[in-house]
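In: I'd like to go over a predicted model; first the sequence, then the structure.
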Amino acid sequence: MSRAKGNIAEERACEYIFEEGFTILERNFYSRFGEIDIIAIKEEVLHFIEVKSALEYELAVQNVTPKKLSRLIKTGDVYMKKNAITLDYMYDALIVTPKKLWHLENITL
């Protein structure tokens with residue numbers, strides 16, 4: 001997917017989570033392990049959100065691989081240590097298709 005399409009999907013994802021009552025703390029946080037697309041908080045829980053988009057749900061969700069999840073977790077650890085955060089947290093995926101968005105919370109379980 002092109003970076004432009006990825007940016008559009010991320011914008012839609014940000015609008016969605018904002019409407020759902022999240023506060024966005026940071027976007028595109030990088031560490032040597034990888035990137036977190038969106039870091040947001042809701043009800044004292046920190047959410048590290050990976051945005052994946054495709055024409056169909058199945059195609060997008062297949063891109064949340066064990067390797068990607070491992071990098072997401074390591075990068076989340078870096079963020080929490082760097083910012084001395086002790087809140088509860090979870091790793092989420094936000095699947096974006098042309099017709100719908102799915103927020104999959106706590107994808108590490």
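Out: Okay, I see it. In this text the structure is predicted, and so the values were computed from the model without any measurement. Numbers count the residues shown, from 1 in each chain.
In: beyond the least confident helix or strand in the chain by mean pLDDT, next helix or strand please.
Out: Scoring the helices and strands of the chain by mean pLDDT, DSSP states H and E places helix 3-19 at the bottom, with a mean of 87. The element immediately downstream of helix 3-19 (helix or strand, assigned by DSSP states H and E) is strand 23-31.
In: so who does the spatially most central residue of the chain touch?
Out: What sits nearest the mean C-alpha location of the chain, by C-alpha atoms, centre = their mean, is I49, with 1.5 Å. Shown in contact with I49 (C-beta atoms under 8 Å, 6 or more residues apart in numbering): 13, 17, 36-40, 91-94. For every residue, glycine as well, the C-beta is placed using N, CA and C.
In: so which of those sit within helices?
Out: For the contacts of I49, membership in helices holds for 13, 17, with DSSP state H as the criterion.
In: of the contacts of I49, closest to H103?
Out: For these, the closest approach to H103 (C-beta to C-beta) belongs to L94, at 5.4 Å.
In: so what's that closest one bridging to?
Out: V51, H103 (DSSP bridges).
In: I'd say it and E105 touch.
Out: No. If you go by C-beta atoms under 8 Å, L94 and E105 don't touch, sitting 9.7 Å apart.
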